[in-house]
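Chemist: sequence plus the predicted model coming up.
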Amino acid sequence: MTNTTKETLWMILDLFEGLSVTYWLDGGWGVDALYGRQTREHRDIDINFDATKTEDVLTALHDFGYVLDTDWLPVRAEFSHPKLGYLDIHPFVIEEKTVKQANPEGGYWQFPTEFFGTTVFEGRKIPCISLEGQKVFHSGYEPREKDLHDIQILDLIAL
């Protein structure tokens with residue numbers, strides 16, 4: 001399976017915007033967007049989005065040629081495409097003062113709305129997880145090599 005490219009990233013962001021779905025770029029591409037340039041290869045694209053639009057997103061991804069590989073909904077789902085690589089989606093419940101994500105135990109993780117902002121990447125304004133949010137989302141688990149790289153980039157941004 002191929003790694004994702006910037007061109008694929010733009011296509012996915014266009015897809016979510018075309019659906020009028022509230023979303024935020026997360027994961028490694030989100031870190032690179034905050035930093036302002038691509039710093040490593042990316043296996044997948046991580047998108048957090050409004051959980052009320054889950055069926056619309058699933059249908060659109062299927063129509064776009066993505067195949068569902070991992071179904072842990074409502075927590076997350078991972079899709080693959082033979083030419084575009086992997087896409088990891090995370091439905092989020094958006095409330096006035098908090099945003100929450102279902103967890104595997106049947107409850108929710110809650111996050112402050114300040115974690116959900118925007119950045120400009122290559123001249124395009126992108127909804128994106130904030131620096132503070134990325135630091136939280138990159139904690140609480142044993143980091144892989146790519147996670148350690150992302151954490152280093154986040155530390156550079158924070159300087």
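Modeler: Looks like it arrived, so ask away.
Chemist: relative to Ser20, how far out is Leu148?
Modeler: From Leu148 across to Ser20, the span is 36 Å (CB to CB, to the nearest Å). In short, each C-beta sits where N, CA and C put it, glycine included.
Chemist: I meant to write Val93 there.
Modeler: For Val93, the distance to Ser20 (CB to CB) stands at 18 Å.
Chemist: which of the two has more neighbours?
Modeler: Val93 (15 against 9; other CB atoms under 10 Å).
Chemist: ok so the more buried one is a strand residue?
Modeler: Yes. Val93: assigned to a strand according to DSSP: H, G, I helix; E, B strand; the rest coil.
Chemist: give me the pLDDT value at it.
Modeler: pLDDT, Val93: 98.
Chemist: now do the one 10 residues further on
Modeler: What the model reports for Asn103 is a pLDDT of 95.
Chemist: likewise Glu142?
Modeler: In this model, Glu142 is scored at 86, pLDDT.
Chemist: try Trp72
Modeler: At Trp72, the model reports a pLDDT of 97.
Chemist: determine the number of other residues adjacent to it.
Modeler: 11.
Chemist: same question for His81.
Modeler: 18.
Chemist: just checking, it touches Leu87?
Modeler: Yes. At 7.3 Å, His81 counts as touching Leu87 under the criterion of CB atoms under 8 Å.
Chemist: joint contacts of those two?
Modeler: Residues touching both His81 and Leu87 (CB atoms under 8 Å, 6 or more residues apart in numbering) are Tyr66.
Chemist: contacting residues for Pro91?
Modeler: For Pro91, the contacting residues are 48-51, 54, 73-74, 76, 101-102, by CB under 8 Å, 6+ apart.
Chemist: swap the cut-off to 6 Å and go again
Modeler: Counting by CB atoms under 6 Å, 6 or more residues apart in numbering, Pro91 makes contact with 51, 54, 74.
Chemist: also Thr8?
Modeler: Counting by CB under 6 Å, 6+ apart, Thr8 makes contact with Leu84.
Chemist: quick one: the helix or strand hosting it to chain centroid distance?
Modeler: Assigned by DSSP states H and E, Thr8 belongs to helix 6-18. Put simply, helix 6-18 sits 12 Å off its chain's centre (CA atoms, centre = their mean, to the nearest Å).
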